[in-house]
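Participant: no sequence on this one, just coordinates:
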């Protein structure tokens with residue numbers, strides 16, 4: 001189970017790291033979603049404002065901030081915000097989260113989101129395709145140590 005948890009974490013964080021390799025996705029060399037990319041309460045309002053304005057880097061930082069402090073509701077809310085703006089990286093992160101939760105509705109929504117995210121990928125996001133494909137393979141149980149995403153209690 002520990003190997004699966006590490007795989008799930010890696011799958012979830014990979015797109016964040018890949019997104020940061022894109023132009024405009026880093027600030028002063030700081031990787032979005034990394035601890036070095038964290039921000040304090042004094043920057044929260046500014047970062048959230050930037051995220052609401054569509055800044056993908058800020059979006060990843062805000063999500064990560066709420067994940068790090070253990071606020072699952074706001075973590076999920078911010079992923080949903082990115083999805084509503086059709087940000088393919090946010091779609092991948094939420095899909096990965098839903099796969100971790102399991103359940104028929106979560107698995108179905110994750111698959112729909114991953115398919116949609118793939119259609120939104122631009123040439124600038126091309127390196128991100130690997131992360132999308134990896135998450136889809138995780139959903140289908142095609143990665144070593146993974147099982148297909150399915151309803152809780154199904155075998």
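Facilitator: Nice, I can see it. What you see is a predicted model, and the numbers here were worked out from it, not measured in a lab.

Participant: which stretches in the chain count as helices?
Facilitator: 2-19, 41-52, 56-68, 72-84, 88-101, 104-120, 129-140 (DSSP state H).

Participant: quick check: residue 115 vs residue 101, distance?
Facilitator: 19 Å (Cβ to Cβ, to the nearest Å). C-beta here means a position set from N, CA and C on the backbone, and glycine is covered the same way.

Participant: just read off the phi/psi values of residue 144.
Facilitator: With angles defined as degrees, to the nearest 10, residue 144 sits at phi -50, psi 130.

Participant: tell me, how many residues neighbour it?
Facilitator: For residue 144, the number of neighbouring residues by other Cβ atoms under 10 Å comes to 8.

Participant: for this protein, what are the low-confidence residue spans?
Facilitator: 1-42, 151-155 (pLDDT under 70).

Participant: residues in contact with residue 90?
Facilitator: Under the criterion of Cβ atoms under 8 Å, 6 or more residues apart in numbering, the contact list for residue 90 reads 56, 59, 63, 79, 81-83.

Participant: what's the answer for residue 76, then?
Facilitator: Counting by Cβ under 8 Å, 6+ apart, residue 76 has contacts 94, 97.

Participant: change it to 7 Å
Facilitator: With contact set as Cβ atoms under 7 Å, 6 or more residues apart in numbering, residue 76 has no partners.

Participant: do the one 5 residues further on as well
Facilitator: Shown in contact with residue 81 (Cβ under 7 Å, 6+ apart): residue 51.

Participant: again, only this time at 8 Å
Facilitator: Applying Cβ under 8 Å, 6+ apart, the residues near residue 81 are 51-52, 59, 90.

Participant: excluding covalently adjacent residues, which one is nearest to residue 141?
Facilitator: residue 148 (3.4 Å; Cβ to Cβ, 6 or more residues apart in numbering).
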